[in-house]
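> Predicted coordinates and the sequence they were generated for:
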Amino acid sequence: MDGHQYFTVKVYTKEENSWFRKEEYEKVLSFFQERKACWTSVTQGLVGYGRDRVIRKQSIFSFSKKTPIVVETVVPADHLPELLSGLRKLVKNGAIFTTPVQLIVSK
């Protein structure tokens, strides 16, 4: 793993994907928590696009279920392979990527 101690893992999807309904957030968060992931967040985007390059955005008068969702976490390098293996089974539609990071924790 190139000597990096921590990696970020991001999952990009959209709210309308059936595998990622709101009741699934807790399941994904628990999945990350059980695998020693740190500082996990689920964020709903204001605007974005995916592989289809169709821009999806929120508006004041829209209740669109196509807005982007990003799940991001930090995981120790030695837990990354197990986390990705399980995550591949959970993510039915979206993209997963990892990036090595330098973790700086301030108190």
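Nice, thanks for sending it over.
> hmm, which helix or strand of this protein has the shakiest average pLDDT?
Least confident helix or strand of the chain, by mean pLDDT, DSSP states H and E, is strand 56-57 with a mean of 74.
> next SSE after that strand?
strand 68-76 (DSSP states H and E).
> Would you mark the buried spots in that next one?
Pro68, Ile69, Val71, Glu72, Thr73, Val74, Val75, Pro76 (16 or more other C-beta atoms under 10 Å). All C-beta spots, glycine's among them, are computed from the backbone N, C-alpha and C.
> what's the least confident helix or strand of the chain packed up against?
strand 47-48 (3 or more C-beta pairs under 8 Å, 6 or more residues apart in numbering; DSSP states H and E).
> got the contact list for Phe31?
Gly86, Leu87, Leu90 (C-beta atoms under 8 Å, 6 or more residues apart in numbering).
> Quick check, pLDDT for it.
On pLDDT, Phe31 comes in at 87.
> Surely Thr13 is in a strand?
Yes. Counting by DSSP: H, G, I helix; E, B strand; the rest coil, one finds Thr13 located in a strand.
> So that it lines up with my notes, have the first residue be 9 from now on.
With 9 as the first residue, the last one maps to Thr21.
> Can you get me a residue count around it?
Thr21 has 19 neighbours, counted by other C-beta atoms under 10 Å.
> Then Asp60?
Asp60, neighbours per other C-beta under 10 Å, totals 7.
> Next one: it from Phe105, what distance?
Taking C-beta to C-beta, to the nearest Å as the measure, Asp60 falls 18 Å from Phe105.
> likewise Lys22?
Counting by C-beta to C-beta - Lys22 and Phe105 are separated by 16 Å.
> between these two, which one's more packed in?
Lys22 (20 against 10).
> Per-residue pLDDT of the more buried one, please?
71.
> count of neighbours near Thr48?
17.
> what does stretch 84-93 contact?
So stretch 84-93 is contacted by 9, 12-15, 17, 40, 43-46, 83, 104, 106, 108 (C-beta under 8 Å, 6+ apart).
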